[in-house]
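> Fold the following for me, if possible:
(2 chains)
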Amino acid sequence: MTGPRHEITEWASKHGDVVAKDLLDAGSEATARRLVTRRKRTRVGALAACAVVAVGAIVVAAPDSFGGGPRVPAAHDTGPAELTLVKGEVPDILRCGQPYTLEGGFVLHTEARAGGLSGAWIKRSDDGSSEVNPTSIDGEYEGLVWRDVTPRHTGNGEDLLTIVAVQDGQIVGVSAAELPPGVGTDYEIPAPVPGECAAGDASSYDGSVEYHLVVQSFDKEGTLLATAIDIYDPLTVELKNVGQRPADTTRYSALPEPEGASYRAFVVAKPSIESCTPYSDYMLRGAPDAETMGYEVTIPGVQEFVGEIWGNSPAAVIDDPNYDAWYVGLPTAITAERVDAGNPLATLEWTTGPAVGETDGTGQLRLVTTWDAAPVVELPGDCAFEAPIPDIDGAVFLIIDGVDFEALDEANPGADFANLDNFQTWVYLGQAS
Amino acid sequence: MGSQPDIVAELYRQSLPRLGSYAFLLTGNYAEAEELVQAAIVKVCSRPRRLTNVPQAEAYVRAAIRTIHIDGLRRQARWSRVKLSLAMPDAVAESSADLAAADEVARALATLAPRVRTVIAMYYWEDLAVADIAAAMAISEGTVKGYLRDGREALAPLLGATESGDDEDGERIAVAEVAS
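Below you'll find the predicted structure:
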């Protein structure tokens, strides 16, 4: 067999062997286990700080205009002697739970030249939106990064950048990244969300958190050249909702599982969306639990959710293109207990035509992702969502912008429905895995 | 092999070369490929899903590699190690004639725009259809086909003259057609 596919596969395989060997030689399996353990612990805990530990965590580019340039402090004769620098490791004094004792300063450990950094803080929301120099961040899946970091020293080694989160004098989060000098600009360094490295009540981290940047420059032999602490003024961020992670597994464990095409649905108030973070707003204000008033909704043809939803994968397929039900035609979205990247509140549409990525209709009535379907909630401003949900697990919900009051009345005799004008229906579709 | 730590071990033992191949094809350099594979394994194994066997886990990791990489392209940001695609480690440069030829492929791939390269990788290595690539990258099928044309044009002198027999979904465009 010849041809591009064969040749590219053969070629890639040779390099794949090199990648595999490098990973094994570097002890990457142990590192992966450590990160897996850490992320699982974080999931179980009160925060979703996945953006912090993901090696490839990246964010939407923010506007190019930033206020102020880098502040390069004058060299100090005496540096932070207690900061024992070990390349690739976070020094003990920068670990969670330790008091933060470093003072801002700049130390030349050799005659090497050292330069500055440029950049700005941005807030990354779980829907991919960003905000430059934010004054607050939310809990849930949102995180903070330092954008547009450009190492400038002229050595051939690397810069180790450590971002330390400090609250009440205590270190409550640490993240680090190695950056090679001179080959690239605009790096984005994930900043730690407090609580990622500690057990207990994460809501206690609500309030002011101060972020410090520590930069250590090494030459190619790994010799420390310079240390800069707070080359920018520390950033103080007001945290809110840190402890609120409604996607905890236990929240949905009591929901009745679907029986055939019959699904348990809940009546939930439509949230007031104040930002481009509909998922957070929904989860914090509107997500149902077992106590929420509900009723049964019949939806035939709901597809199995196996963890990935892409543009042309229908959520439901009904063989009868003329199938009619109260929810057909209403704005609909799909979300899940846990969503990785992409649009966590993907808009769906009942259609007999083609889905995104298709060219022909199917003669079926299908619930599919579309680009221009009516959203289940109006968003302020220009909120860009570039991709549908790419990866989900846990409880999956269909959000329908409407309520079947007849069925609701039947299921809840005597209940007061007078104020349900602005309510929606959450249909629990079961668990994705 | 039911527990997740075993899956982690088996992924490293059985799947690493295949995952590394895909990541290298997508990224074009070893450091990024290694980090992509590592990040994908961590991402998949951190999720509270039930991974029952290695092929299933490998499929998840492969999808995660794709997701992370596309996410990175879309957001045009990198914070990790960046090395020029042409700067292969010595281990490759000093190797056999085959690998020297392979370096030509690397150079050709390095000339491609990242999105073009990604389409090439998804199409040829992962064997995804044009529609699936379009959906995954949130771009139109026409754009995917355009990227494929660009990629094939750049790679044609190195990868053979035609693509006959490689047209199973009817959407693939022969190199000869591209060249005309």
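
> Please make it C-alpha for all contacts and neighbour counts, starting now.
Noted.

> how is chain B carved up into domains?
For chain B, the structural domains run B:1-96, B:103-180, going by automatic domain parsing.

> And the helices in the stretch 151-300 of chain A?
A:278-285 (DSSP state H, counting those that start in this stretch).

> buried ones in the helix or strand harbouring A:K14?
Assigned by DSSP states H and E, A:K14 belongs to helix A:4-25. For helix A:4-25, burial by neighbour count (16 or more other C-alpha atoms under 10 Å in any protein chain shown) applies to A:4-5, A:7-9, A:11-23.

> From the contact counts, what lies against that helix?
helix B:16-27, helix B:30-46 (3 or more C-alpha pairs under 8 Å, 6 or more residues apart in numbering or on different chains; DSSP states H and E).

> Just the angle for the shortest one relative to helix B:30-46, thanks.
Read that as helix B:16-27. Direction vectors for helix B:16-27 and helix B:30-46, defined by axes from the mean of the first three to the mean of the last three C-alpha atoms, to 10 degrees, enclose an angle of 120 degrees.

> which residues touch helix B:16-27?
Helix B:16-27 is contacted by residues A:9, A:12-20, B:30, B:32-34, B:36-37, B:58, B:61-62, B:65, B:69, B:114, B:117-118, B:121, B:125-126 when judged by C-alpha atoms under 8 Å, 6 or more residues apart in numbering or on different chains.

> Let's see that with 6 Å instead.
Contacts with helix B:16-27, where a contact means C-alpha atoms under 6 Å, 6 or more residues apart in numbering or on different chains, come from A:12-13, A:15-17, A:19-20, B:33, B:118, B:121.

> Mind putting these into TSV with pLDDT?
Formatted as TSV, the contacts of helix B:16-27 follow (pLDDT from 0 to 100):
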residue	pLDDT
A:A12	88
A:S13	89
A:H15	89
A:G16	91
A:D17	91
A:V19	91
A:A20	92
B:A33	90
B:T118	90
B:A121	91
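
> so which of the residues you listed would you say is closest to A:A30?
Nearest to A:A30 among the contacts of helix B:16-27, counting by C-alpha to C-alpha, is A:A20 at 14.2 Å.

> possible to save the helices and strands packed on helix A:4-25 as a markdown table with mean neighbour count?
Listed next are the helices and strands packed on helix A:4-25 as a markdown table, based on neighbours: other C-alpha atoms under 10 Å in any protein chain shown:
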| stretch | mean neighbour count |
| --- | --- |
| helix B:16-27 | 27 |
| helix B:30-46 | 25 |
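
> Point out where the stretch 1-150 of chain A drops to low pLDDT.
Applying pLDDT under 70 to the stretch 1-150 of chain A flags the ranges A:1-3, A:34-93, A:106-120, A:124-129, A:135-143, A:147-150.

> out of the helices and strands packed on helix A:4-25, nearest to B:V8?
Among those, helix B:30-46 sits nearest to B:V8 (C-alpha to C-alpha), with 7.1 Å.

> In terms of secondary structure, what does the closest one contact?
Counting contacts by 3 or more C-alpha pairs under 6 Å, 6 or more residues apart in numbering or on different chains; DSSP states H and E, helix B:30-46 packs against helix A:28-44, helix B:54-75.

> and of the helices and strands packed on helix A:4-25, who's closest to B:I7?
helix B:30-46 (8.1 Å).

> could you dump that closest one to PDB, C-alpha only?
Extracted in PDB, the C-alpha atoms of helix B:30-46 (Å, rounded to 0.1, in the frame of the first residue of the first chain):
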ATOM      1  CA  TYR B  30       8.600  16.600  20.300                       C
ATOM      2  CA  ALA B  31       8.100  18.800  23.300                       C
ATOM      3  CA  GLU B  32       4.600  19.800  22.400                       C
ATOM      4  CA  ALA B  33       3.700  16.300  21.400                       C
ATOM      5  CA  GLU B  34       4.900  14.900  24.700                       C
ATOM      6  CA  GLU B  35       3.000  17.500  26.600                       C
ATOM      7  CA  LEU B  36      -0.100  17.000  24.500                       C
ATOM      8  CA  VAL B  37      -0.100  13.200  25.100                       C
ATOM      9  CA  GLN B  38       0.600  13.800  28.800                       C
ATOM     10  CA  ALA B  39      -2.200  16.300  29.200                       C
ATOM     11  CA  ALA B  40      -4.600  14.100  27.300                       C
ATOM     12  CA  ILE B  41      -3.900  11.100  29.500                       C
ATOM     13  CA  VAL B  42      -4.200  13.100  32.600                       C
ATOM     14  CA  LYS B  43      -7.500  14.600  31.400                       C
ATOM     15  CA  VAL B  44      -9.000  11.300  30.500                       C
ATOM     16  CA  CYS B  45      -7.900   9.500  33.600                       C
ATOM     17  CA  SER B  46      -9.000  12.300  35.900                       C
END
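
> quick one: which of the contacts of helix B:16-27 is nearest A:N412?
For the contacts of helix B:16-27, the residue nearest A:N412 by C-alpha to C-alpha is B:T118; the value is 53.0 Å.

> Tell me the first helix or strand C-terminal of the helix or strand where the closest one lies.
B:T118 belongs to helix B:114-120 when assigned by DSSP H and E. Once the chain leaves helix B:114-120, the next helix or strand it forms, by DSSP H and E, is helix B:130-137.

> For chain B, give me the ranges with low pLDDT.
In chain B (pLDDT under 70), the answer is B:1-5, B:47-52, B:71-103, B:138, B:159-180.

> Output the helices and strands packed on helix A:4-25 as JSON lines; include the columns distance to A:F397.
Below are the helices and strands packed on helix A:4-25 laid out as JSON lines (distance: least, C-alpha to C-alpha, whole Å):
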{"stretch": "helix B:16-27", "distance to A:F397": "32"}
{"stretch": "helix B:30-46", "distance to A:F397": "22"}
